[in-house]
Each structure stands twice: as structure tokens, then as C-alpha cells.
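1. could you look at this predicted model? Sequence included:
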Amino acid sequence: MKPLISIIIPCFNTAEYLPQCMASLEKQTIGFEKLQFIFVDDASTDEGKTWRCICEFEQRHPKEVVAIQLEKNMSQGGAKNVGISYAEAAYIGFVDSDDWIEPEMYEKLYACARDYQCDAVDCGRMLNYPDGREVIYQKKENCFDQFENSIVEGGDHWIRDFTHPGYGGGLVTCIFRKQLIIENEIKFPEHLKYEDNYWSAVIRLYIRSFYHIADNCYHYRQREDSTVYKKI
């Protein structure tokens, strides 16, 4: 039986955080066996710690986990492109290896994708700081958008509603229809930072149906040494 969602987890020197991330994946109420987890070690430089952590997880769950080790660092965009090439499910999601998710996240996302036949579904997120603070991104209500045409087909909904309150939770809070990605050859830029911004903008051109869940299900760890806090 094919998995319902393929989840891609790019990893680079995150052995310290992976156990918490993996534990949250194991607790998914949709059923661990209904998911495919693709871990891509992006040529980590921590003496094999990250890779060993991934391999141990694969050994515990050989049917659900795919472990990939890149010989050269491709940055997160390249790692995600590799992960997509291994995806077997009809929907694709992404999790950062230093973050963690609520147990019901993928059950809720998939239920909306199934019931509303959505191209994409997302939820809210929480920012988690080293001092224990948790800042919640509040969303007022669930919302469903469906359009006859995508932007590439002549529609203008994402241009007109670019600041829609139901979108913008981040790539990691979403699942996307894989067919949309593959048929339109939507790829992440490689060897570049902030690849999510580019990819998210491109895939919006093809989306015709979108559901936002108001629940906050994703924990976004705030780290001083992470990409978003480094000066470029």
C-alpha cells in the first residue's frame, strides 16, 4: 500500500535536534505506517553524528523511512529536490530537522486534502525559543479557496489575494499535491539560501484549491545559528 504523504526532512549537522523531531513523527495520529519519511543528509560535517542518527531511525522503521546521504553539500534546496525524487505518496510535505510537530498535524492536513481535493493544505505554527518562550501565530478561522483557473491558466487570485490570512504559514506547515510538482517540474534552487521563498512563489502559480487550518501544529525552533538568523 502506498503511503498517503511523503515527508522530506533535509538534515545538516542536526544530530542534537533530530531525536525530538523523529519522536514527533512517530506520534502522528494518522498512523506512522501511512507515511513515508525521506531523510536527506546534506553532507553533514559533524563526524557522522547526523548520519548515524538517521540510520538508527531507518533501522527501527525500515518500511517507512528512506535514508539518503549526499556526497556533496547541495544546500536545503538541493536536498529537497533529491527527496522529492524518492517520494511515493500523492502528497508531499517538508519538515526541518531541528523542528517538531503536533501529533495530529498530518491527520488534519490529509483529511482536508482528501475531503476538499485540494492542491495544497496548510496549518498554523508556533515559534519556540531557547528560553522556553512559545509565540503562536494566530489564525482567525479555517478557510477554503477554490478557483476555476490557476494563474498560469489565466486566473489572478494569488496576485489579488497575495496577503490572504490563510496563507504564509511557511512551506513546512503545508502538504502539496505531488502531481502538481512533478508535471510542472517545480524545483528548488540549489546551493542557495531561502530556497523556500522562491519555490513557494512558483507553486502558487499552479494552485487552484487551497485549505488553511486554523490550528497551530508546527513547532518552529528559533536558533541563533540557523540560516534565518545569519547575516549573508
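-> Everything's here; your move. As the structure is a prediction and not an experimental result, all values here were calculated from the model. Numbering: from 1, shown residues only.

2. okay, helices next: where are they in this protein?
-> Secondary structure of the chain (DSSP state H): helices at 18-26, 49-60, 75-86, 105-116, 157-160, 178-183, 195-204.

3. mind pulling up the pLDDT for P165?
-> The predicted local distance difference test score for P165 is 44.

4. also the one 10 residues further on?
-> Here, the pLDDT recorded for I175 equals 97.

5. who's it bridged to?
-> For I175, the beta-bridge partners are G93, V121 (DSSP bridges).

6. what residues are up against D119?
-> Applying CB atoms under 8 Å, 6 or more residues apart in numbering, we find D119 in contact with 176-177, 180, 206-210. To be clear about C-beta, it is placed using only N, CA and C from the backbone, and glycine gets the same treatment.

7. re earlier: could you tell me the least trusted of the helices of the chain?
-> When mean pLDDT is averaged over each of those, helix 157-160 scores lowest at a mean of 63.

8. returning to what we had before: farthest-separated two in the contacts of D119?
-> Maximum pairwise distance among the contacts of D119 (CB to CB): 12.4 Å, between F176 and R208.

9. sorry, back to before: neighbour-wise, which of the contacts of D119 leads?
-> For the contacts of D119, the largest neighbour count, defined by other CB atoms under 10 Å, is 26 neighbours, found at F176.

10. state the distance from it to C123.
-> 13 Å (CB to CB, to the nearest Å).

11. and I203, how many neighbours?
-> For I203, using other CB under 10 Å, the count is 20.

12. ok, now which ones touch it?
-> 120, 176, 180-181, 186 are the contacts of I203 under CB under 8 Å, 6+ apart.

13. per-residue pLDDT, the residue of the chain most remote from its centre?
-> Going by CA atoms, centre = their mean, the residue of the chain most distant from its centre is G154, 27.9 Å out. G154 is assigned 94 on the pLDDT scale.

14. L171 reaches D96, doesn't it?
-> No. In this structure L171 lies outside contact range of D96 using CB atoms under 8 Å: 9.2 Å.

15. now the nearest residue to N216 once chain neighbours are set aside: how far from Y220?
-> In this structure, N216 finds its nearest non-sequential neighbour in G124, 3.8 Å apart by CB to CB, 6 or more residues apart in numbering. G124 is 10 Å from Y220, where distance means CB to CB.
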